[in-house]
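Novice: Got a predicted structure here, sequence first:
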Amino acid sequence: MKRKLHLLLALLFPILICAQGVALQQFATGFSRPVDIKHANDSRLFIVEQDGVIKILDDQGNTNATPFLDIDARVRSTGNEQGLLGLAFDPNYATNDRFYVNYINNSGDTVIARFTTSSNPDIADDTSEEILLTVSQPYTNHNGGSLAFGTDGYLYIALGDGGSGGDPDNYAQNLQSHLGKILRIDVSGATGYTNPATNPYIGNPSGLDEIWSYGLRNPWKISFDSDNGELWIGDVGQNNREEINNVPIVNAGYNFGWRCYEGNATFNTTGCPAAATTTFPVAEYNYGGSPFRCSITGGYIYRGSMYPNIQGWYVFADYCSNELGLLEPALGNTWNMSLTNSGFSPNISTFGEDMNKELYAAGLSNGVIYKVFDPTLSVPENSLANNYQLYPNPANDYFQINNQNAASQLTKVVMYSFSGKLISTTSITTENQKITTNHLTDGIYIVQLISSNGAVSHHKLVKN
């Protein structure tokens, strides 16, 4: 039995990637260049592959044999930043079966299109495509690609500055171009789209009606905080700064600065507005260095319930250094940043939430989907972590809790898989109560003990 346990530990711990309170654990494999992860408000995860395929992953890490959508023939993915890049499900998807994609077509241009699901909820109707918007792309890079619905019900579209280097045509500051912008459209009608009346250039010939905000270089992943509705943007820098922007969506018309500024640093201010009119990033880090950092992958504010230590923290990554990053809220509406080199090389291309707001990440180069979790499971200062022991541990059919003080303080036992999936919740009603484990497969589990005064402790349990 010890040999079996040692093998399990040896297989498990090499795939844990730690970064100051967050880590990645392998959840599923076998994907080809995954670039987006979304859910449809159910237990499924939808994995977007850059070549033009969307696959369904269940909550046990199994991939459906038949893709949800395959539009490979319509998608150009020969360029490193081209392909099927974004997915968003309609807020009313449960009743209207509509979802939206962002891809580069065979002419090299951005297409925003709407599809519907077929009579089989796991397979889309690939003949249902309605093209809503096409944006000409002058180069093969800086396409952005993210799609997301805001709490206002509108669809937000993140587009890069059109490519090359240094935004040579100044598209990001040009309000007559869709490039280098966040667009906002209303797709609630039966067909097509309209522009929300609160978009800043409605009826104003100085800017296009679809524009919500501008001044972005290559926004590689946007997300909305499910708690307060604020927008988070990871914007890839030129050769100096990688930046993170955070703004409320009750306002519009933000100028995020590019190409006038790269992060907080001056880049090319010829013809630029005053710096006071620019919305500068809430955080940035330097390009280059060792490990070599070169491209931010924007993530999410963690709003799940599994890991209270990182509640309200922004999780992101650097594609080149394979570091995981965190922004921790600090005093005065500021953020403390940490970046930790994982020593692993998945080239993290995207993050995603499941319906419970737990986070996932995808490795572009290895096709692996990871679960994001807190490996420390640190406990509050008022916890009773030192008061309890689980026995027997390893366990076979059950375990009990040895309480060195008062067993009556313990009220609840919650069990999770090591990847963070909730297994069971048991109320403690008697001292030395047995907690059954005969329904569990062999492996490592996390046991959360909750006392009557709200103190919490976490313990590792081995089932064999």
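Specialist: Noted; the coordinates are in hand. Numbers count the residues shown, from 1 in each chain.

Novice: in the stretch 151-300 of the chain, which spans are strands?
Specialist: Assigned by DSSP state E, counting those that start in this stretch, the strands in the stretch 151-300 of the chain fall at 155-158, 181-185, 211-214, 219-224, 231-235, 241-247, 261-262, 265-266, 283-286, 296-301.

Novice: would JSON lines of those strands with distance to G367 and mean neighbour count be doable?
Specialist: Where C-beta positions appear, they are placed from N, C-alpha and C, glycine not excepted. Output for the strands of the stretch 151-300 of the chain, formatted as JSON lines (distance: least, Cβ to Cβ, whole Å; neighbours: other Cβ atoms under 10 Å):
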{"stretch": "strand 155-158", "distance to G367": "24", "mean neighbour count": "26"}
{"stretch": "strand 181-185", "distance to G367": "29", "mean neighbour count": "26"}
{"stretch": "strand 211-214", "distance to G367": "33", "mean neighbour count": "26"}
{"stretch": "strand 219-224", "distance to G367": "18", "mean neighbour count": "26"}
{"stretch": "strand 231-235", "distance to G367": "21", "mean neighbour count": "26"}
{"stretch": "strand 241-247", "distance to G367": "24", "mean neighbour count": "23"}
{"stretch": "strand 261-262", "distance to G367": "32", "mean neighbour count": "23"}
{"stretch": "strand 265-266", "distance to G367": "36", "mean neighbour count": "14"}
{"stretch": "strand 283-286", "distance to G367": "27", "mean neighbour count": "18"}
{"stretch": "strand 296-301", "distance to G367": "16", "mean neighbour count": "26"}
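
Novice: the domain parsing of the chain - what is it?
Specialist: 17-373, 385-463 (automatic domain parsing).

Novice: Can you pull out the low-pLDDT segments for the stretch 151-300 of the chain?
Specialist: Low-confidence segments of the stretch 151-300 of the chain (pLDDT under 70): none present.

Novice: most packed of the domains of the chain?
Specialist: Ranked by mean neighbour count, these are led by domain 17-373 with a mean of 19 (mean count of other Cβ atoms under 10 Å).

Novice: And that domain, how far out from the chain middle?
Specialist: 9 Å (Cα atoms, centre = their mean, to the nearest Å).

Novice: and the gap between the closest residue to C294 other than its chain neighbours and G299?
Specialist: If the residues on either side of it in the chain are set aside, C294 comes closest to C320, at 4.0 Å by Cβ to Cβ, 6 or more residues apart in numbering. Note on C320: its distance to G299, by Cβ to Cβ, to the nearest Å, is 16 Å.

Novice: Turn the strands of the stretch 151-300 of the chain into CSV, including distance to P91.
Specialist: Formatted as CSV, these follow (distance: least, Cβ to Cβ, whole Å):
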stretch, distance to P91
strand 155-158, 9
strand 181-185, 14
strand 211-214, 17
strand 219-224, 12
strand 231-235, 16
strand 241-247, 21
strand 261-262, 34
strand 265-266, 38
strand 283-286, 29
strand 296-301, 18
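
Novice: got the contact list for the closest residue to T279 other than its chain neighbours?
Specialist: Of all residues not flanking T279 in the chain, Y254 sits nearest, at 4.4 Å (Cβ to Cβ, 6+ apart). When the contact criterion is Cβ atoms under 8 Å, 6 or more residues apart in numbering, the partners of Y254 are 213-215, 247, 279.

Novice: Out of those residues, which comes closest to I54?
Specialist: S213 (27.6 Å; Cβ to Cβ).

Novice: and the residue nearest to that closest one when sequence neighbours are not counted, what are its phi and psi?
Specialist: Leaving aside its chain neighbours, S213 sits nearest to Y254 (4.0 Å; criterion: Cβ to Cβ, 6+ apart). Main-chain dihedrals, Y254, degrees, to the nearest 10: phi -60, psi 140.

Novice: what does the one 5 residues further on give?
Specialist: With angles defined as degrees, to the nearest 10, R259 shows backbone torsions of phi -90, psi 10.

Novice: I figured it was touching G271, is that so?
Specialist: No: if you go by Cβ atoms under 8 Å, R259 and G271 don't touch, sitting 10.1 Å apart.
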